[in-house]
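[1] show me the folded form of this:
(chains A and B)
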Amino acid sequence: MTFLTKKSISRRTILRGAGAAVALPFLDAMRPAMAAAAPAVSRIAVVYVPNGIVMKDWTPTATGTAFEFPRILKPLEAYRSDVTVVSGLANFGAIKVTGGGDHAKAAGSFLSGASPKRTIGADVHSGVSFDQIAAQKLAGKTALASLQMSCEDTRMVGNCDTGFACAYTNCLSWKDEFTPMSPEVNPRSVFERMFGSMDPGLDPETRRRRELYRRSILDLTMDSAKQIQTNLGTNDKRKIDEYLTSLREIESRIQAAEKNNAAFTPSIEKPAGIPLEFVDYIKLMYDLQVIAFQADVTRITTMLVGREGSVRTYPEIGVRDPHHPLTHHRGNPDFIEKVAQINMYHAELFTYFLKRLKETKDGDGNLLDHSAILYGSALSEGNSHNHRDLPLILAGHAGGRKGGQHVKVEPNTPVTNLFRTMLDTTGNHVEAFSDSTGALSI
Amino acid sequence: MRSNKYVAMSILVVASATGAERETLAFVQKTCMECHNAKDMQGGISLAGVQHTKTFTQDRVIWQKVYDMLDSGLMPPGDAKVQPPAAEIDGIKNWIKAEFDRQDAAAKPFAGSVSARRLNRVEYDNTVRDLLGVDIHASENFPPDSAAFGFDNISDALKVSPILLERYLDAAQNVVRTAIFGPEKLKPSFTHFSAPFREHVRPTDLMKPYDLTGLSSPSSTHMVHRFPVTGTYSFKFITNGHRPNQSEPARIALWIDGKMIQELPLDATDLEGQFVEYKAKVEAGEHIVSASYINQYHGLPPSYKGPEPSKRDPVALVTVRGALTEKDRETFRKLGTSIKTDRIETRVDNRFESIDIGGPFEQSAGPSAASLRKVFVCGHAAGKHTNACARTIVSSFANKAFRRPATPAEIAKYLPLVALAKQQGDSFEEGIATALQAILVSPQFLFRVERTPVAKADSVPVSDYELASRLSYFLWSSTPDSTLLRLAASKTLSQPAVLEAQVKRMLVDPKAKALVANFGGQWLQLRNIEVSTPDVQKFPDWDEHLRRSMRTEMEMFFENIIRMDRPISDFLDANYTFVNERLARFYGMDGVTGNNFQKVDVTNTKRGGGLLAQAGILTISSYATRTSPVLRGKWVLENLLNTPPPPPPPAVPLLDESKIGVGASLREQMEEHRKNAVCASCHSRMDPIGFGLENFNGIGAWREMDGKSPVNAAGTLVGGRSFNGPKEFKALLTKDPEPFAKAVTEKMFTYAMGRGIETYDTPVLKSIHASLTKQNYRFSALITGIVKSVPFRMRSVTDKPLLASAKE
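    Now for the predicted structure:
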């Protein structure tokens, strides 16, 4: 049995045992020698805003490089050379589904191009999302294959959108067609996922033992789960299978972490929980993504600024009405203005993310140089639940891509073509993906 | 569609079509095929296959839909070409119903099956509490449980992910170490809570009785805080506002969970930036912390004509802070101002700026005696454990954790962990801790697997141990206690008399609160009150104390129905409810003082009683800034009648805004919705219910006016019955107790079984419903009916794939 062997003390343990946590810069010298010669790694991030956008204040009139930044996009003007505005893409995965439930359809199909199945039961079905395609390719290279986050409380019980289960409105990433990936809402939990929950104040010897015991528990559990599988019915076996798969992933994560041995101490203290004010909350969530990339804990993140159908109110910008009903403005200029205010607010907060990425050194440049960041929504006009002409921005220069353009695509171009571009530029090329007809050259 | 088993069991109609059947088929051809044919498939339904009578058995699900649509009056739609007379429709309905009854009577009871059921978050916390005596909400950072059919304990919806498994590992470590070594030593941290500003209007007549605790006043402030461990915490209240010069000192009070902890006097006229602090011992867990001014209109200067006027010397507090010095008096004399002592500061707008909670300081160290007793069952003291103790302790724990006797092979697996710790130089207790952690992440603990060997029969009784688990997780959301395990061991639990007696016992046990929190919390969406965010500008009366009070009312109401075995019709309409002073004032009731809840009679009040008069329910079915008749209508249809409205059609046409002035009342705007026949098909069901409740604003307070327009709470339900106001509406709702009884039966069954309702459950549900009716709808009859049913006591074997027809 493997748990009887002793393992040597890891560098990380020594560093942590050296006293109070010190914010260490990510020194290149700490990388294994082989990795130093490798090209800078690329990151993928998706930031999703719900309920659509007031398109007349979003879409620039000119295309090409000399375009103006309309009201909602104005905060991004300072990052002109880092962003590409893409207009005209359509989400056919949602368009193809008849009947209501457009919010669930939008979010439930967005990153996969697949059509979600209408059900409020556990038999949800959509498609693997493009970020998980990349995650599969990067398996084992980072401690976490990917990270899913959300800034809205997902605790509401009850049917989420006319016959569609909450999984569709609350999750962006799908591991496979049956498995939506539930996002983290609590920044403390995100932090613990990235850096572990072991008490940093423990002395090295105690840490070593605790880690040894945990590994032994895992080994033992793996054994006993395999045994319990005999004489089980098919459905029960399936459940235990899921359990076993999760167990194996944890083991390989621990191995990957020990191998990579980042010796990185984050520059922020572990968050206590969800900050009271929305602006603090979302900035903290952006900070955590930056740190995750910086420490190479993961290279793929998706985040919902709000779940589809979000009813959050924004009293801090003078919008006291819930978001979703406002977007069904029926032409009322007051309501439209309020929605535009929310859209602007979200865009402004997004620039905080860009700022942090840009000011964080990474290899021979900064994090933004090596990332492909998607910002936008799978709905354009919220009032009519329009799945065409989606409001989308691609930021970052992964793959050497240049920004500074407004591109209007050919009519009926599927949004999955944009995802192909993101996969290609980050070194995760695939021959085909969902209903994509090829990558966009932008 | 899901009727393979069903067909095998029902008696097929052998003879050729009878007259009634032919009429039904003809009716379908004439009335329905226009839209519901194979090509158009309106609403996703095609009745094209209806050629012969076999379809009534095979397509039970579709025919149930046909029946429901005809019964509710939604089909044929108002704009259809063919509109058969009501008598014809009734005849068709009766025939279909008779067909169903005939099928159900002939069907053999079938139990259905539930696959390995993972403990959900609440069940995990409760189980760990009962196993180890540790109640620290360890599941707090588990990913949320997926819900299906409205509940988070549905077997097939509960999945395992690597994140969850990691959290299980951490939680197991946390709870086991807390049980054996005591709670983790935490660094003190601070939580700052800014109090929202609320308008504080002083009453004109201060002699009129007012809330002496100050808790209902806008001058108070409340926050909910989770205290991580039992220990000493500091509380600092920063004040703001003013008290008139010459007043007696302000009496500030610290409250925790509605109980006063300490009075903290503050002697000042200008309260801005002043503060009071106090350190108190608090138990771990979530508590509501309140700051209020006690007797805030007492002790004011005599000119305010308030109760118990101040006896202080008029020169006592003239300046903004503290008494006047001789120098100050000189200055005032020079400026020619006469010292009118009680006019220098005259405002009474004392309030709070913020609450700061710090800690834990001096936290309780060491394990609790109760936890140690639960773990170290070998009877030896620390340091005196023998070699056999490990085996004794581990097997005892495993037996309880696995909810059945652990096999020697299973136990043998955990003992090496105890040895490993010893080999590493750690204590015996560390070894035990490691073994127990392993047990708490094992699949035998995390999943309720039923492995009764299956014979050729379709349904077999589950084992007594499995039945004990089903019972305890149904009624307590927790693991079986020693009584249940003992009865299981003696194989007597499944006897009907024993089962009934256990149900009775379990329903009056305090652990039955879980039924309210988890079944009630989800069936009635009571849990949503925790995340409601009413806009405080629109509803300045809203605060955490009110939220907590609303929640307590709903919980006590439900608990009372269980404890006193009330009829379930009380949910719809009751002549009593439970209020504290805060809620009583909110509801406009007199005579209730203090923070303790008491039962009050509501017979002669405008609000009435029952769920639809409870502010919590009315709040969760509203938006942050206003009521929504549609949301409330949908809530009633979904939760009380289990007849959720169908999804909207694909192309919902935009309202023509020009038809109504933008300043129209909400009611008038909703009327537009219903002028369009397509919209009306659903809204004629939802809106009237909401209209009936329009006298309750977005946080459930009674109102006669909605902005500038008087409230119009009249409406007409589908089928033509009219009402005016909530009491008349409820009278219509309660006239026929059957639909609600049917709905509650279905919801409770789903919750108890942990799976959705299948077609073969129909006869079972019918008979549970019938026994409920026969016993005057008493709550315990529902529970007992479910527990004694075939699906609850038995299981069938099937390898058919996961999950089900979602019942729409």
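
[2] tell me which element residue B:500 falls in.
    Per DSSP states H and E, residue B:500 falls inside helix B:496-508.

[3] backbone phi and psi for residue B:705, please?
    With angles defined as degrees, to the nearest 10, residue B:705 sits at phi -120, psi 140.

[4] show me the contacts for it.
    residue B:711 (CB atoms under 8 Å, 6 or more residues apart in numbering or on different chains). Any C-beta I mention is one placed from the backbone N, CA and C, and that applies to glycine too.

[5] list the beta-bridge partners for it.
    Beta-bridge partners of residue B:705, counted by DSSP bridges, are residue B:710.

[6] domain assignment for chain B?
    Split into domains by automatic domain parsing, chain B comes to B:4-97, B:189-361, B:376-448, B:535-550+B:576-725.

[7] nearest to residue A:49, out of the ones you listed?
    Across the domains of chain B, residue A:49 has its closest neighbour in domain B:535-550+B:576-725 (19.2 Å, CB to CB).

[8] residue 279 in helix, strand or coil?
    Since you didn't name a chain, this refers to chain A. Here residue A:279 is recorded as helix under DSSP: H, G, I helix; E, B strand; the rest coil.

[9] you answered for a different chain; I wanted chain B.
    strand.

[10] what's near enough to touch it?
    By CB under 8 Å, 6+ apart, residue B:279 lies in contact with B:232, B:233, B:234, B:235, B:361.

[11] same thing with residue B:492?
    B:464, B:498.

[12] and residue B:724, by the same measure?
    Contacts of residue B:724 by CB under 8 Å, 6+ apart are B:713, B:714.

[13] now with 10 Å?
    B:691, B:692, B:712, B:713, B:714, B:715 (CB atoms under 10 Å, 6 or more residues apart in numbering or on different chains).

[14] swap in residue A:125?
    For residue A:125, the contacting residues are A:108, A:114-119, A:174, A:176-180, by CB under 10 Å, 6+ apart.

[15] ranking by neighbours, what's the top pick from these?
    Each of the contacts of residue A:125 was scored by neighbours using other CB atoms under 10 Å in any protein chain shown; the highest score is residue A:108's, at 35 neighbours.

[16] can you tell if the helix or strand encompassing that one touches chain B?
    Residue A:108 is part of helix A:102-109 when elements are defined by DSSP H and E. Yes. Using CB under 10 Å from any CB of the partner chain, we find that helix A:102-109 touches chain B at residue A:102.

[17] gap between that helix and the chain center?
    Relative to its chain's centre, helix A:102-109 lies at 17 Å (CA atoms, centre = their mean, to the nearest Å).

[18] same for that helix, what does it pack against?
    helix A:92-95, helix A:166-170 (3 or more CB pairs under 10 Å, 6 or more residues apart in numbering or on different chains; DSSP states H and E).

[19] out of those helices, deepest packed?
    Of all those, helix A:166-170 carries the top mean neighbour count, a mean of 27, counting by mean count of other CB atoms under 10 Å in any protein chain shown.

[20] now, which of the contacts of residue A:125 lie within strands?
    Using DSSP state E, the members of the contacts of residue A:125 that fall in strands are A:174, A:176, A:179, A:180.

[21] now render those as JSON lines, adding distance to chain B and pLDDT.
    As requested, those are arranged in JSON lines below (distance: CB to the nearest CB, whole Å; pLDDT from 0 to 100):
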{"residue": "A:174", "distance to chain B": "13", "pLDDT": "95"}
{"residue": "A:176", "distance to chain B": "12", "pLDDT": "93"}
{"residue": "A:179", "distance to chain B": "8", "pLDDT": "89"}
{"residue": "A:180", "distance to chain B": "8", "pLDDT": "89"}
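
[22] what two of these are the furthest from one another?
    A:176 and A:180 (9.7 Å).

[23] shared neighbours of the two, anything?
    A:125, A:126, A:129.

[24] among the domains of chain B, which gets the worst mean confidence?
    Comparing mean pLDDT across the domains of chain B, the weakest is domain B:4-97, with a mean of 72.

[25] low-confidence stretches in the stretch 451-600 of chain B?
    B:453-457 (pLDDT under 70).

[26] bridging residues for the most centrally placed residue in chain A?
    Nearest to the mean C-alpha position of chain A, counting by CA atoms, centre = their mean, stands residue A:302 at 0.9 Å. For residue A:302, the residues forming beta bridges with it (DSSP bridges) are residue A:46, residue A:148.

[27] chain center to stretch B:571-587: distance?
    Taking mean C-alpha positions (CA atoms, centre = their mean), stretch B:571-587 and its chain are 18 Å apart.

[28] measure the residue in the stretch 201-350 of chain A that chain B sits nearest to to residue B:459 for me?
    For the stretch 201-350 of chain A and chain B, the shortest gap (CB to the nearest CB) falls at residue A:235, measuring 3.6 Å. Using CB to CB, to the nearest Å, residue A:235 is found at 16 Å from residue B:459.
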